[in-house]
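Student: here's a sequence, model it:
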Amino acid sequence: MAVAPSPVDPPGPRAGGSSRARRWWAAVRRRWAGVPLVTRLVGIVTVLLALGLVLAGATSAALLEGTLTKQVDAKLESEGKGLADNTLSQLQGFGDSLTPSDYYVRVQDAQGTTLGGSLSRSAAVRYGIPEVPDLTARQASARGTEPFTVGSSGAGSPWRVVAYPLTNGGSIVVALPMGDIHKTVQHMSIVLLISGIGILLLGAAAGTWAVRRSLKPLREIEVTAATIAAGDLSRRVPASDEHTEVGRLSAALNGMLAQIEHAFGVRTASEARMRRFVADASHELRTPLATIRGYGELYRMGALTTSDQVDDTMRRIESSATRMGALVEDLLALARMDDGRPMRLAPVDLTVLAADAVSDLHALDPSRPVRLEPLRAGEPAGVCEVLGEESRLRQVLANLVGNAVTHTPPGTAVEIAVGLDGSSGVIEVRDHGPGIDPEHAARVFERFYRVDASRGRDSGGAGLGMAIVAAIVDAHHGSVSLAQTPGGGTTVRVTVPVPGHLSDAPGTPGAPIARPKPSAAAGSTTPAGAARTPEAPSRSSTPSSPEAPVPSPAREAGSGREAQV
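Tutor: Reported below is the predicted structural model:
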């Protein structure tokens, strides 16, 4: 029993050929993708130019041959009939003699027998004898005296023939050679070929020059990119006309390079601040840790023999731990503000906060003259309401008041001025101490910066108080600055927008607001200054934020600002 063939035939030669063609085409595409852009563009232009020249040459040769053929046909139509009649009338006396003409004439009867004809010997040598088929009168009539082409016994010289019927059933044909036409067309084709090759060479050379000149900006971009990759971030692409593609590309690249350079600069500065921050934090934590470890070793070694020595050691360990805890709390407060956590904003009266700060200052130094006064002399005191978080603003005043106590001699007068200045509420803490040098005034808001290079504890804390002040004020979209107090001393001016005048439109009062996020705690661009200072309990009914604990007077020993303010 025969088995039916499978409906699916195995891959045959056609499938194999298709696979080979695909592989060949894929190889061509890979090689073409690796060709330089200049070579690719010049090659495409040259191929298109060659195709255009070939098409133009072929069209010209065809038109020339058609025109010359029409001229031969017109000559046959105008002279062929007269030559045929003349040949018939002289047939008896003319015979087979050759006339000095390129015309070929042949007369046949109805049986196809040649009765006579004429062809010059020179034409026969040059063009050969036309191979005209035997024609009867009916066949000649069917052609309708329309010229047609026949071959020749000589190569490369066909003949153009016209046939006329005879009354005896035969025919007479008249022919002219086309060898000269073919030679003319051939000569013209050679001229077109040579000129085309010259045009191709000139076009390729001109195209290469034009493409290289046009792509010169791209080479400059390549060189600029290599220079930037080598480390020169200030290099820029030469500007071009932005109405061109290269000009728009150059403008876009220059904008991108400017942003990259700025980003690298910011990153470098951030890394430098990070290293400085880590070094400062390590330095600040090293001393209390060394103190705690040293006293612990004394206790372990049994060097503490009396209860007074143990009590003194525990007091010193507690003091160092308190100082270290204050530093950690300050760092945590800065980190939370840098993290951009939302604040609970509500209307806050700066006058109430200033009055509380005056009371706090009396508690810290009862012998120091302190008074609350309006921002501008002679103005009546009144409500100065701003939009902010009360606990944060109290912390700002606590730090500033604590710095005034720490860095001015005992008995130095301090004034706290409060009032409105345009669309902002302003608080100024003015002291009449020795003041601060301008070289230090520009850096007191940097983190861990202290005027005292020895970083002694008698002259202040870790150098974070003024940094916290700057961070809190910045979170409220305000500003903080230093100025000289008339008559000597330093004035710290804090401005906070009043409700309805926040430039960044943070939202409605009492709603959470996302403030701008500065850089990381170690690399923040927010300047740092002195340590955080004590603050008295709040007199307002607004609850404090759990994220930023308000310092108590117990922290007085480890707080202070770095420059006298």
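Student: what's the distance between stretch 60-69 and the middle of its chain?
Tutor: 58 Å (CA atoms, centre = their mean, to the nearest Å).
Student: ok, and what's touching stretch 233-242?
Tutor: 217, 220-221, 224, 227-228, 246-248, 250-251, 253-254, 257-258, 260-261, 264 (CB atoms under 8 Å, 6 or more residues apart in numbering). The C-beta positions use only the backbone N, C-alpha and C, and glycine is treated the same way.
Student: apply 6 Å and report the result again.
Tutor: By CB atoms under 6 Å, 6 or more residues apart in numbering, the list of residues contacting stretch 233-242 from outside reads 217, 220-221, 224, 227-228, 246-248, 250-251, 253-254, 261, 264.
Student: try stretch 26-43
Tutor: Against stretch 26-43 from outside (CB under 6 Å, 6+ apart): 207-208, 211-212.
Student: can you rerun that using 7 Å?
Tutor: 204, 207-208, 211-212, 215 (CB atoms under 7 Å, 6 or more residues apart in numbering).
Student: what's the answer for stretch 64-81, then?
Tutor: 147, 160, 162, 164, 174, 176, 178, 181, 184-185, 188.
Student: which one of these is nearest to Leu345?
Tutor: Comparing these against Leu345 with CB to CB picks out Met188 as the nearest, at 92.2 Å.
Student: do you know how far the closest one is from Ala333?
Tutor: Met188 is 95 Å from Ala333, where distance means CB to CB, to the nearest Å.
Student: between these two, which one's more packed in?
Tutor: Ala333 (23 against 15; other CB atoms under 10 Å).
Student: next SSE after the one helix or strand the more buried one maps to?
Tutor: Using DSSP states H and E, Ala333 sits in helix 307-338. Downstream of helix 307-338, the first helix or strand assigned by DSSP H and E is strand 343-344.
Student: what's the distance between that next one and the middle of its chain?
Tutor: For strand 343-344, the distance to the chain centre is 38 Å (CA atoms, centre = their mean).
Student: I'd like the numbering to begin with 50 instead of 1 from here.
Tutor: Yep, numbering from 50; the last one is strand 392-393 now.
Student: quick check: next helix or strand after that strand?
Tutor: Scanning forward in sequence from strand 392-393 by DSSP H and E, the next helix or strand is strand 395-398.
Student: how about the helices in the stretch 200-349 of the chain?
Tutor: 228-263, 265-278, 294-350 (DSSP state H, counting those that start in this stretch).
Student: so which of these gets nearest Val96?
Tutor: helix 228-263 (9.6 Å).
Student: just how off-centre is the closest one within its chain?
Tutor: 45 Å.
Student: follow-up on the earlier one: in TSV, list the helices of the stretch 200-349 of the chain along with mean pLDDT and distance to Thr362.
Tutor: Listed next are those as TSV, based on pLDDT from 0 to 100; distance: least, CB to CB, whole Å:
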stretch	mean pLDDT	distance to Thr362
helix 228-263	89	84
helix 265-278	82	61
helix 294-350	81	5
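Student: re earlier: from the contacts of stretch 113-130, pick the one nearest Gly203.
Tutor: Using CB to CB, Met227 is the member of these that lies nearest Gly203, at 11.5 Å.
Student: returning to what we had before: distance to Pro423 added to the helices of the stretch 200-349 of the chain, as JSON lines?
Tutor: Shown next, in JSON lines, are the helices of the stretch 200-349 of the chain (distance: least, CB to CB, whole Å):
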{"stretch": "helix 228-263", "distance to Pro423": "72"}
{"stretch": "helix 265-278", "distance to Pro423": "57"}
{"stretch": "helix 294-350", "distance to Pro423": "39"}
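Student: quick one: closest of those to Val467.
Tutor: Among the helices of the stretch 200-349 of the chain, helix 294-350 sits nearest to Val467 (CB to CB), with 33.3 Å.
Student: helix, strand or coil for Leu469?
Tutor: strand (DSSP: H, G, I helix; E, B strand; the rest coil).
Student: which pLDDT value does the model give it?
Tutor: Per-residue confidence (pLDDT) for Leu469: 87.
Student: give the contact list for it.
Tutor: Cys433.
Student: how close does it get to Thr371?
Tutor: Distance from Leu469 to Thr371, by CB to CB: 39 Å.
Student: what do you get for Ala254?
Tutor: Ala254 is 86 Å from Thr371, by CB to CB.
Student: thinking again about what came up before, can I get the contacts of stretch 75-92 in CSV with neighbour count?
Tutor: Listed next are these as CSV, based on neighbours: other CB atoms under 10 Å:
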residue, neighbour count
Ala253, 16
Gly256, 18
Thr257, 16
Val260, 17
Arg261, 13
Leu264, 17
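Student: if we can go back for a sec, now the two most distant members of the contacts of stretch 113-130.
Tutor: Put simply, by CB to CB the two of those set farthest apart are Tyr213 and Met237, 33.5 Å from each other.
Student: now the stretch 100-249 of the chain, which segments are flagged as low pLDDT?
Tutor: 139-149 (pLDDT under 70).
Student: mind listing the strands for it?
Tutor: 153-157, 163-167, 197-199, 208-214, 220-226 (DSSP state E, counting those that start in this stretch).
Student: quick one: contacts for Ile230?
Tutor: Taking CB under 7 Å, 6+ apart, we find Ile230 in contact with 114, 117-118, 121.
Student: make CSV out of those residues and add neighbour count and distance to Ser138.
Tutor: Formatted as CSV, the contacts of Ile230 follow (neighbours: other CB atoms under 10 Å; distance: CB to CB, whole Å):
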residue, neighbour count, distance to Ser138
Glu114, 18, 35
Leu117, 16, 31
Thr118, 16, 30
Val121, 19, 25
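Student: let me know the closest of these to Asp361.
Tutor: Glu114 (124.3 Å).
Student: doesn't Gly482 lie inside a helix?
Tutor: No - according to three-state DSSP, Gly482 belongs to no helix; its state is coil.
Student: was I right to think it contacts Thr461?
Tutor: Yes - shown here, Gly482 and Thr461 form a contact pair, counting by CB atoms under 7 Å, at 5.1 Å.
Student: in helices, which of the contacts of Ile230 fall?
Tutor: 114, 117-118, 121 (DSSP state H).
Student: closest to Val450 out of those residues?
Tutor: Checking these one by one against Val450 (CB to CB), the nearest turns out to be Glu114, at 109.6 Å.
Student: contact partners for Gly161?
Tutor: Asp183.
Student: also Arg364?
Tutor: Arg364 makes contact with no residue, according to CB under 7 Å, 6+ apart.
Student: so what pLDDT did it get?
Tutor: For Arg364, the predicted pLDDT is 86.
Student: still on that earlier bit, for PyMOL, write the select line for the buried members of the contacts of stretch 282-291.
Tutor: Entered in PyMOL, the line below selects the buried ones among the contacts of stretch 282-291, by 16 or more other CB atoms under 10 Å:
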select buried, resi 266+270+273+277+295+299+302+310
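Student: and Thr457, how many neighbours does it have?
Tutor: Residues near Thr457, counting by other CB under 10 Å: 22.
Student: again, but for Thr163
Tutor: By other CB under 10 Å, neighbour count at Thr163 equals 12.
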